[in-house]
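Peer 1: I'll drop the sequence and a predicted model, then ask my questions.
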Amino acid sequence: MVVKKRQKRFAVRFELGFGAFFGLGVVIFCIFLWMFLLGVWAGQTVLSPSSSENKKSALTRLAADIWQDSGLTFNSVESTTDLSQPEEKEPSLFSLQVGSFRDHSRAENAVSEWKKLGYTVFSFSADENGKSNWRVFVGRFENLADANASAAALERSHNVRPYITLLPEKELRK
């Protein structure tokens, strides 16, 4: 009788004791906590209104604050304004964009349809690459929570996908 030799398989095995397993869990928890906090910070940075004149990054502002607190001066290639003066943020409101049209008459038809349904509606032209797009907006909201609630209600009741947009108040007065 011929005996066939078994081939040895290559196997990797890790054995962790209780202490090592607990330590690994703590490290993973810290990494996920750091990612969560970074995501919250990034979300707040994206949603906060920024002025078009001052395009400094958040890191540059942070570095300038640290340098000023230590009594030193901070000069950056990006910095073109006096950093000791607090920057004024222009007032802005949230609104729900429910349509975008290249034709002004189609935009006005959409505005009249939404007004018939009892909503506060407005539209204005947004020029992009030399082309004019008419955007139709529903409502004006002071905070994001109200805009989210109204967007969910519009999506359920009218089968439309509204986009929450942060608009400067000067655009709304035009």
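Peer 2: Alright, I've got the coordinates.
Peer 1: for the protein, what spans make up the strands?
Peer 2: 92-101, 121-128, 131-141, 163-168 (DSSP state E).
Peer 1: Adding mean pLDDT, distance to residue 155 and mean neighbour count, write the ones you listed out as a markdown table.
Peer 2: In this view, the C-beta of every residue, glycine as well, is placed from N, C-alpha and C. Below are these laid out as a markdown table (pLDDT from 0 to 100; distance: least, C-beta to C-beta, whole Å; neighbours: other C-beta atoms under 10 Å):
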| stretch | mean pLDDT | distance to residue 155 | mean neighbour count |
| --- | --- | --- | --- |
| strand 92-101 | 89 | 10 | 20 |
| strand 121-128 | 82 | 17 | 14 |
| strand 131-141 | 87 | 12 | 18 |
| strand 163-168 | 86 | 11 | 15 |
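Peer 1: Might you list the low-confidence residue ranges for this protein?
Peer 2: 1, 47-89, 171-174 (pLDDT under 70).
Peer 1: Ok, which of the strands of the chain comes nearest residue 5?
Peer 2: For these, distance to residue 5 was read as C-beta to C-beta. The smallest value, 67.4 Å, belongs to strand 163-168.
Peer 1: The closest one vs strand 92-101, what angle?
Peer 2: Comparing the axes of strand 163-168 and strand 92-101 via axes from the mean of the first three to the mean of the last three C-alpha atoms, to 10 degrees yields an angle of 120 degrees.
Peer 1: quick one: strands adjacent to strand 163-168?
Peer 2: Applying DSSP bridges, strand 163-168 is found paired with strand 92-101 (antiparallel).
Peer 1: Using CSV, write down the CA coordinates of the partner strand.
Peer 2: Listed next in CSV are the C-alpha coordinates belonging to strand 92-101 (Å, rounded to 0.1, in the frame of the first residue of the first chain):
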residue,chain,number,x,y,z
SER,A,92,-27.4,84.0,5.4
LEU,A,93,-30.4,81.8,5.3
PHE,A,94,-31.1,78.2,4.3
SER,A,95,-33.5,77.5,1.4
LEU,A,96,-34.6,74.4,-0.5
GLN,A,97,-33.7,74.3,-4.2
VAL,A,98,-36.5,72.4,-6.0
GLY,A,99,-35.6,73.1,-9.6
SER,A,100,-33.0,74.5,-12.0
PHE,A,101,-33.9,75.6,-15.5
